[in-house]
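S.K.: need a structure here:
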Amino acid sequence: MPHDRVLVLHYDDLAAQPHRTTNVVLAFLGLPLLPDSALREAAREAEEARFEAEAEARDGGRALAQAQARGEGAAWPVLGEEAAGRVMRAGAPPGDEAELGPRAGRATVRTRELLRDFYRPFNVELAQLLRGDQRVLKWNV
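M.R.: Just a heads-up that it's a prediction; the model follows:
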C-alpha cells in the first residue's frame, strides 16, 4: 500500500492537541476542516458523555455491592483496581515493582523488561515502515 494512503497518528499528539489532530485526519481524508469552535463543542459533548458513563458505572458498582451484601446478584466479586494490582504483584519480590501509569496498576520490573524486549524488534520495524519516525522507539526504553 502506498505511504500516501496511510495516516499514522500518535496518541500523544491527539492528547496534546486534539483540535489540530482532528483537522489533520480531516485533511488526510479530503474533508473540510472544522473551526475550533465546532471542535471545542464536540470535545465538550464527549466529556459530558464520558462523565455520565462513569457516573452510571459507579452507581452500578454500588448497586452490585449492595446486592452482593444482601446475598443477591453475581456469584463472584468484581475485581477492583486495588485487587487487580495485588494480583499483578503476586509472587514479586518486595520492591520489584514499576509504575506503569495512573490506571494500569503496578507490574513487576521483570514483567516490564520482558514486554519491552519482546516488542523491541517490532517497534524498530514499525519505525522503518513509518519512514524513520523514531517516536515509536521511545517504547523500547
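
S.K.: which element is the nearest residue to R40 once chain neighbours are set aside on?
M.R.: Excluding the flanking residues, the one nearest R40 by C-beta to C-beta, 6 or more residues apart in numbering is H19, at 7.2 Å. The way it works is simple: take the backbone N, C-alpha and C, and place the C-beta from them, glycine included. Of the helices and strands defined by DSSP states H and E, H19 is found in helix 18-29.

S.K.: measure the closest residue in space to H10 that isn't next to it in sequence to L126 for me?
M.R.: Of all residues not flanking H10 in the chain, R135 sits nearest, at 6.0 Å (C-beta to C-beta, 6+ apart). The spacing between R135 and L126, counted by C-beta to C-beta, to the nearest Å, is 10 Å.

S.K.: the residue nearest to R40 is in contact with A38, isn't it?
M.R.: No. Contact status for H19 versus A38: not in contact, 9.4 Å apart, counting by C-beta atoms under 8 Å.

S.K.: which one's more surrounded, the two?
M.R.: H19 (17 against 12; other C-beta atoms under 10 Å).

S.K.: which residues are in contact with that one?
M.R.: Going by C-beta atoms under 8 Å, 6 or more residues apart in numbering, H19 touches 36, 39-40, 43.

S.K.: ok, 10 Å please
M.R.: Going by C-beta atoms under 10 Å, 6 or more residues apart in numbering, H19 touches 33-40, 42-43.

S.K.: with L129 instead?
M.R.: Neighbouring residues of L129 by C-beta under 10 Å, 6+ apart: 3, 6, 8, 136.
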